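In: My questions concern the predicted model and sequence given below.
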Amino acid sequence: MTVTVKVDAQGRVVIPQAERERLGLPDGGALELVSTPEGVLLERRRQATVTSGEDGLPMVTLDDAGTVSNVDATQAIHDQRDDR
């Protein structure tokens, strides 16, 4: 889906309601702005909990179903490793 949005004088962008509903993004929800070589990417933030499995490997559990960025998953694993 491609939608053209405008940036107002304060730098705000309005995300259409249908897209917010599709993403499960509540009012006041947080998005991360990620710079890419092509431009910017907005990603919905999710809370992740990292625990150790019986085999000692880290297990990432998300508070809600869906995808999580590789950066967030990697950071959660590093944080869990560094807490030992």
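Out: Yep, it's here.
In: Could you list the domains of this protein?
Out: Domains of the chain are assigned by automatic domain parsing as 1-45, 46-84.
In: Could you pull up the mean pLDDT of the longest one?
Out: In other words, domain 1-45. Summarised as a single mean, pLDDT over domain 1-45 is 84.
In: about what we covered before: hey, which of the domains of the chain is tucked in deepest?
Out: Scoring the domains of the chain by mean neighbour count under mean count of other Cβ atoms under 10 Å gives domain 46-84 as the most buried, with a mean of 12. In short, each C-beta sits where N, CA and C put it, glycine included.
In: OK, contacts around V7?
Out: When contacts are counted by Cβ atoms under 8 Å, 6 or more residues apart in numbering, V7 is found next to V13.
In: how near is it to L33?
Out: In this structure, V7 lies at 12 Å from L33, with Cβ to Cβ, to the nearest Å as the measure.
In: One more: L57?
Out: Counting by Cβ to Cβ, the separation of L57 from L33 is 32 Å.
In: can you point me to the longest helix in the protein?
Out: When every helix of the chain is counted residue by residue (DSSP state H), the longest turns out to be helix 70-82.
In: what does it contact?
Out: Judged by Cβ under 8 Å, 6+ apart, the contacts made with helix 70-82 from elsewhere in the structure are V34, R45, R46, A48, T49, V50, T51, S52, P58, V60.
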